[in-house]
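>>> Need coordinates for the following:
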Amino acid sequence: MTTDFGRLPARRTGHTLGGMERNGITTSTGPAGLDPASTGPHSASAAGRVAGAWPGPGAGRAGDRREMGSGVGAGRGGLAMAGFTAGLVGLVGLVGATIAGEVAGASPPSSGLLAVDIVIGLLTCAALLPMRRWPVPTSVLLAALAAVSPAATPAATIGTLQTARARPFRPALAVALAGVAGHLIRGGWRPLPGLPYGWWLLLVLVAHAALLGWGALARARAALIDSLGERARRAET
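Coordinates of the predicted model:
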């Protein structure tokens, strides 16, 4: 007996390339094409696991933002350290120039006052470190030292500016008034040669008013930039 293989119906294996054929319907078996109704409960659970393993549409962007944020944070830390180092070097130079100017002036200080100026100058340089965290008490202390020695003037003026930039107006105004009082006291018992006390008073008031206004303007600008950045981040999300 002969069999005509050409007339036999082709057997369906139920499998197709890249999918599964069931009742004439081909379903994809890829990660995004598993059909729980066509492949059974076990395949449905597998589809859930595979879908959970694949990242969402915003996962790449979130990872990029996290990596960018860490890089920006590291960059800001490096810039802060570089700024502190530059500020410390500049302050040491100003203190040294102030003491040298006192010594080379028309009426140089005595050896005792010179020693006091050097010690106070070193203390004011060391006070630059806690000034960023505690600007108000540090600046008030520097204003008190400015009543004793001119070597404290550079650090005291920096403290007034830093407080105006980092704190609200009222604490900054209090620090500025303390600086004015300290310098006026020192001008009374250690006056600058050839400068009347009235001019000294005017210079002190103008300088501290300028420092207060400069710091307040920088604070307002930083607040505006932060507000715009927060709005941009909210718009992205």
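>>> what's near enough to touch the closest residue in space to P150 that isn't next to it in sequence?
Leaving aside its sequence neighbours, P150 sits nearest to T98 (CB to CB, 6 or more residues apart in numbering; 5.5 Å). To be clear about C-beta, it is placed using only N, CA and C from the backbone, and glycine gets the same treatment. By CB atoms under 8 Å, 6 or more residues apart in numbering, the contact list for T98 reads G121, P150, A151, T153, P154.
>>> need the strands for this protein, in chain order.
15-16, 19-22, 25-28 (DSSP state E).
>>> Tell me the backbone dihedrals of the nearest residue to P193 once chain neighbours are set aside, please.
The shortest distance from P193 to any non-neighbouring residue, by CB to CB, 6+ apart, is to A106 (4.3 Å). Main-chain dihedrals, A106, degrees, to the nearest 10: phi -70, psi -30.
>>> Can you verify my assumption that A106 contacts L195?
No. The pair A106 / L195 is not scored as a contact, 11.1 Å apart, by CB atoms under 8 Å.
>>> Now intersect the contacts of T98 with the helices, please.
Residues from the contacts of T98 lying in helices, with DSSP state H as the criterion: G121, T153, P154.
>>> Just name the closest of those residues to L91, please.
Distance to L91, by CB to CB, is smallest for P154 among those, at 5.8 Å.
>>> okay, now the closest one: neighbour count?
23 (other CB atoms under 10 Å).
>>> That one - nearest residue in space that isn't next to it in sequence?
Counting by CB to CB, 6+ apart, P154 lies nearest to L94, which is 3.9 Å off, once chain neighbours are set aside.
>>> From D117, how far out is the one you found?
Distance, L94 to D117, using CB to CB, to the nearest Å: 13 Å.
>>> Please say which of these two ends up with more neighbours.
Comparing L94 with D117 by other CB under 10 Å, the one with more neighbours is D117, at 22 against 19.
>>> Show me which positions of stretch 99-109 end up buried.
Buried positions in stretch 99-109, judged by neighbour count with 16 or more other CB atoms under 10 Å: I99, E102, P109.
>>> before we move on, what about stretch 170-180?
Those buried within stretch 170-180 under the rule 16+ other CB under 10 Å are P171, A172, L173, V175, A176, A178, G179, V180.
>>> does the fourth one really touch S139, like I thought?
Yes. Under the criterion of CB under 8 Å, V175 lies in contact with S139, with a separation of 4.5 Å.
>>> intersection of neighbour lists for those two?
Taking CB under 8 Å, 6+ apart as the contact rule, V175 and S139 both touch G159, T160, T163.
>>> Give the rounded mean pLDDT of stretch 177-184.
Mean per-residue pLDDT for stretch 177-184: 97.
>>> what are the C-alpha coordinates of that stretch, in CSV please?
Coordinates of each C-alpha in stretch 177-184 appear next as CSV, following Å, rounded to 0.1, in the frame of the first residue of the first chain:
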residue,chain,number,x,y,z
LEU,A,177,26.1,97.7,64.2
ALA,A,178,28.5,95.6,66.4
GLY,A,179,31.2,96.1,63.8
VAL,A,180,30.6,99.9,63.7
ALA,A,181,30.7,100.1,67.5
GLY,A,182,33.9,98.1,67.7
HIS,A,183,35.7,100.2,65.1
LEU,A,184,34.5,103.5,66.7
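>>> residue contacts, H183?
Applying CB under 8 Å, 6+ apart to H183 gives the contacts A146, A147, T153, A156, W200, V204.
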